[in-house]
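S.K.: need a 3D model of the sequence below.
(chains A and B)
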Amino acid sequence: MKKIVLIEIAATMLRARLRQTIVAAVGVTFGVAMFVTLLGFMNGLNEMLDGLITNRTPHVRLYNEIEPNPIQPLSLVPDYTGAYNFLSSIKPVSGRKAIYNVNQILLTIDADKDVRGYAPKITTPVIITDGPVELTGVMYGVDVEAELRLFLFSDYLVAGEPMDLKTVANSVVLGKPLAEKLFVKIGDVVQIATAQGDRFQLRVVGLYQSGLADLDKTLCYASLSTVQKILGQSASYITDVNIKLHDIKRAPEKSAWYRELFGASAEDIQTANAQFETGSSVRTLISYAVGITLLVVAGFGIYNILNMMIYEKMDAIAILKATGFSGNDVKSIFIIISLSIGIVGCLAGLAAGFLLSSVIDNLPFNTSALPTITTFPVSYNPAYYAIATTFSIITTYAAGWLPARKASKIDPVLIIRGR
Amino acid sequence: MGTSILEARTIRKQFHDPVTVDVLKDVSLVVSRGEFVSLVGRSGCGKSTLLYVLSTMDTDYTGDVLIDGTPMRGLTESQLAKVRSEKIGFVFQFHYLLNDFSVVKNVMLPALKLGAYSEEEIHLRAMQKLAILGMEDKAKKSANQLSGGEKQRVAIARALINDPVIIMGDEPTGNLDKQNADTVFGIFKKLSTDFQQTLLIVTHDPEFASKTDRVIEMEDGQIVGG
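M.R.: Predicted coordinates for the structure are as follows:
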């Protein structure tokens, strides 16, 4: 009952000053809308750029580094153990690229609950011949299903069906610029030569565009079994195991653990791409700073308008107090005014921000680096909407609090006798 | 003499700006139930100051004020607001109606704040009070559409809405022409005789004062007669 009358008085005061009220609310609307749009756009972009890396980069990569044995025979000679030996021109003993004991490793990884999935892979240099032309290339033997599931293979396949790579015998997917250079299209046959000199005819079933032109100029994908056949290796010949974890943050820890457990080399995504996280966090920080500044500016608008209203309504405040309204009641009235400006402005701002986001979302944005992206990326994360709401309500409350306190302290005797 | 409604005991008050002046010097008075009292005196004698002390709006004084037997000293700001709401009705020189509200809403506001009745009942009571003042046909109008005399009558209706034990007026006819002043006095007189309403009215109009039950005369911060 008492609260209702306060709300009623607040509403009447708002209506009496409708234009200023609207201007104040529009300030909040603008702040909230820009906050939501800016953060949505910035984070959409962040997610896309991060996606460029995280979509195609394994969280942990297991491989067999070709390096000289750290324990050289000299160290095993009793006379020289404990001594500091200088050796030069040490060579690795074998050129083996495959991971040792790969089947056991895959079984272990498969059982690991932290792992979302893994994709075995073979990387090998090849020469692609087209008549007299010889182009160097890199051939990747992949498990198509795992690549589709974990590394969004189909997103980057600009022509052809991904499963053809698995189902069609002796098939290959070429980088789009490579295919253009060779003048081949889907269905054509290209000839591939390995480093050992063996030649194979492979049928083109798709074109791939990763967005990195240098990579695409040399890139060929084939199924694991095709590459194993080309190389004359058994089914256990795997050079890389690419692992995706449930929690990307645990990659360094898991990679250290695998290194120890499997005796293979392991590299985590944070080490491989240290720069990308820094960029995202700085961009996010900037957008938060701009958004919050806008809301604070809107808060000052409300503060001004309430101050003005209090000077105008001095008489009304005095008489309310004389007829039994307490200082706290008067304060509540002005806080209600401020909060309703804030809430209405905020709701309109959320709607406007959403609309603006969808407009940006539909603007064409074409880049050869990102074949799957046709419009600007925008994130609709509800968290930004929640943050904007919280901040706008906090700022409007703060903006209303000072004038409201001032109003509550007005001495009715001074006003009434001052007439 | 009925029971005491309003009692002041040795009220002393000073103004400090620009120099310290004693405005009220040990003022004591008692207003009994049903009395129509006028408080007169020259400008600056402290009569309005005394009224605001008695009204609980001014708390900067020494001495004691008792309203309806309850001492006002030591009550918090919101407790005093409640006392004003329940026990005191005010009529000022200026009407102080809220222009953004309708006439009836202006009358209703103090009762809505007190919350003793439902909104429908309060509306009904507000209409009754307006009827006493002959203003019921103006109820739906906005406050700023009324004439000066009409506004003052609405202000009186507002003062009556919570059935206060006392009505205090600070020069309620001061801004009105002769005819309207007579109307307002007539209303006060009617409230006093028909409803046994206690009234304490500050005025400098000797004619007004002479027609009341009791005249308290003040001079230089002291009561000199009545």
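S.K.: okay, now the closest residue to chain A within chain B: neighbour count?
M.R.: Going by CB to the nearest CB, chain A is nearest to residue B:85 of chain B, at 2.4 Å. Where you see a C-beta, it was placed from the backbone N, CA and C, and this is true even at glycine. By the measure other CB atoms under 10 Å in any protein chain shown, the count of residues near residue B:85 is 23.
S.K.: just residue A:56 next, same as before
M.R.: 19.
S.K.: chain B versus that one, what's the distance?
M.R.: Distance, residue A:56 to chain B, using CB to the nearest CB, to the nearest Å: 65 Å.
S.K.: pretty sure that residue sits in a helix.
M.R.: No: assessed with DSSP: H, G, I helix; E, B strand; the rest coil, residue A:56 is coil; it does not lie in a helix.
S.K.: ok, it touching residue A:210?
M.R.: Yes: the criterion here is CB atoms under 8 Å, and residue A:56 meets it with residue A:210 at 6.9 Å.
S.K.: overlap of the contact sets of those two?
M.R.: The contact sets of residue A:56 and residue A:210 overlap at residue A:156 (CB atoms under 8 Å, 6 or more residues apart in numbering or on different chains).
S.K.: and the residue of chain B closest to chain A, what helix or strand is that in?
M.R.: Using DSSP states H and E, residue B:85 falls within helix B:77-87.
S.K.: check which helices and strands that helix sits against.
M.R.: Helices and strands touching helix B:77-87, by 3 or more CB pairs under 8 Å, 6 or more residues apart in numbering or on different chains; DSSP states H and E, are helix A:327-362, helix B:103-114.
S.K.: is any residue of the last one near chain A?
M.R.: The reference is to helix B:103-114. Yes: shown here: helix B:103-114 in contact with chain A (CB under 8 Å from any CB of the partner chain) through B:109, B:110, B:112, B:113, B:114.
S.K.: let's see if you can find the most crowded of these.
M.R.: Comparing those on neighbour count, residue B:110 comes out first with 28 neighbours (neighbours: other CB under 10 Å).
S.K.: could you find the closest non-adjacent residue to that residue?
M.R.: Sequence neighbours aside, residue A:323 is the residue nearest to residue B:110 in space, at 4.1 Å (criterion: CB to CB, 6 or more residues apart in numbering or on different chains).
S.K.: shouldn't that neighbour be in contact with residue B:111?
M.R.: No: counting by CB under 8 Å, residue B:111 is not a contact partner of residue A:323; they are 9.5 Å apart.
S.K.: in chain B, which spans are strands?
M.R.: Counting by DSSP state E, chain B has strands at residues B:4-15, B:21-32, B:36-41, B:62-67, B:70-71, B:88-91, B:166-170, B:198-202, B:214-219, B:222-225.
S.K.: pipe those strands into a markdown table and attach mean pLDDT, mean neighbour count and distance to residue A:332 per row.
M.R.: Output for these, formatted as a markdown table (pLDDT from 0 to 100; neighbours: other CB atoms under 10 Å in any protein chain shown; distance: least, CB to CB, whole Å):
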| stretch | mean pLDDT | mean neighbour count | distance to residue A:332 |
| --- | --- | --- | --- |
| strand B:4-15 | 88 | 18 | 30 |
| strand B:21-32 | 88 | 18 | 34 |
| strand B:36-41 | 90 | 24 | 35 |
| strand B:62-67 | 89 | 17 | 26 |
| strand B:70-71 | 88 | 11 | 26 |
| strand B:88-91 | 88 | 26 | 22 |
| strand B:166-170 | 90 | 24 | 26 |
| strand B:198-202 | 91 | 25 | 31 |
| strand B:214-219 | 90 | 18 | 38 |
| strand B:222-225 | 84 | 14 | 40 |
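S.K.: kindly state the domain boundaries assigned to chain A.
M.R.: By the assignment in automatic domain parsing, chain A contains the domains A:2-54+A:276-418, A:60-66+A:94-272.
S.K.: before we move on, the earlier item: show me what contacts the residue nearest to residue B:110?
M.R.: B:84, B:85, B:90, B:109, B:110, B:113, B:158.
S.K.: okay, these in TSV with distance to residue B:175 next?
M.R.: Output for those, formatted as TSV (distance: CB to CB, whole Å):
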residue	distance to residue B:175
B:84	22
B:85	25
B:90	15
B:109	22
B:110	21
B:113	26
B:158	16
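S.K.: what distance separates the longest helix along chain B from the centre of its chain?
M.R.: If you go by DSSP state H, chain B has its longest helix at helix B:178-195. Relative to the centre of its chain, helix B:178-195 is centred 14 Å away, using CA atoms, centre = their mean, to the nearest Å.
S.K.: and that helix, what does it pack against?
M.R.: By 3+ CB pairs under 8 Å, 6+ apart, helix B:178-195 packs against strand B:36-41, helix B:119-132, helix B:148-160, strand B:166-170, strand B:198-202.
S.K.: average pLDDT for that helix?
M.R.: If you average the pLDDT over helix B:178-195, you get 89.
S.K.: just the buried positions in that helix, please.
M.R.: B:180, B:181, B:182, B:183, B:184, B:185, B:187, B:188, B:191, B:192 (16 or more other CB atoms under 10 Å in any protein chain shown).
S.K.: list the contacts of the residue nearest the centre of chain B.
M.R.: Centroid-nearest residue in chain B, with CA atoms, centre = their mean: residue B:168, separated by 1.7 Å. Contacts for residue B:168 were tallied using CB under 8 Å, 6+ apart; they are B:51, B:54, B:55, B:88, B:89, B:90, B:91, B:199, B:200, B:201, B:202.
S.K.: how near is the closest residue to residue B:160 other than its chain neighbours to residue B:122?
M.R.: Distance criterion CB to CB, 6+ apart; nearest residue to residue B:160, sequence neighbours excluded, is residue B:129 at 4.8 Å. Going from residue B:129 to residue B:122 by CB to CB, to the nearest Å gives 10 Å.
S.K.: and for these two, which residues touch both?
M.R.: Jointly contacting residue B:129 and residue B:122 under the rule CB under 8 Å, 6+ apart are residue B:161.
S.K.: quick one: contacts for the residue of chain B closest to chain A?
M.R.: A:323, A:324, A:325, B:110, B:113, B:114, B:162.
S.K.: residues from the stretch 251-400 of chain A in reach of chain B?
M.R.: A:315-316, A:318-329.
S.K.: so which of the residues you listed is the most crowded?
M.R.: Sorting those by how many neighbours each has (other CB under 10 Å) puts residue A:325 first, at 28 neighbours.
S.K.: please tell me I have it right and it contacts residue B:113.
M.R.: Yes: counting by CB under 8 Å, residue A:325 does reach residue B:113; the two are 5.5 Å apart.
S.K.: for the stretch 1-150 of chain A, just list every one of the strands.
M.R.: All strands of the stretch 1-150 of chain A, identified by DSSP state E, counting those that start in this stretch, fall at A:60-63, A:115-130, A:133-142.
S.K.: among those, which comes closest to chain B?
M.R.: Using CB to the nearest CB and comparing these, the one that lies nearest chain B is strand A:115-130, at 61.1 Å.
S.K.: so which bits of the closest one are buried?
M.R.: By neighbour count with 16+ other CB under 10 Å, strand A:115-130 contains the buried residues A:115, A:117, A:118, A:119, A:120, A:121, A:122, A:124, A:126, A:127, A:128.
S.K.: that one pairs with which strands, and in what direction?
M.R.: strand A:133-142 (antiparallel), strand A:189-194 (antiparallel), strand A:240-245 (antiparallel) (DSSP bridges).
S.K.: could you say which of those is packed most deeply?
M.R.: Stretch with highest mean neighbour count among these: strand A:240-245 (a mean of 23; mean count of other CB atoms under 10 Å in any protein chain shown).
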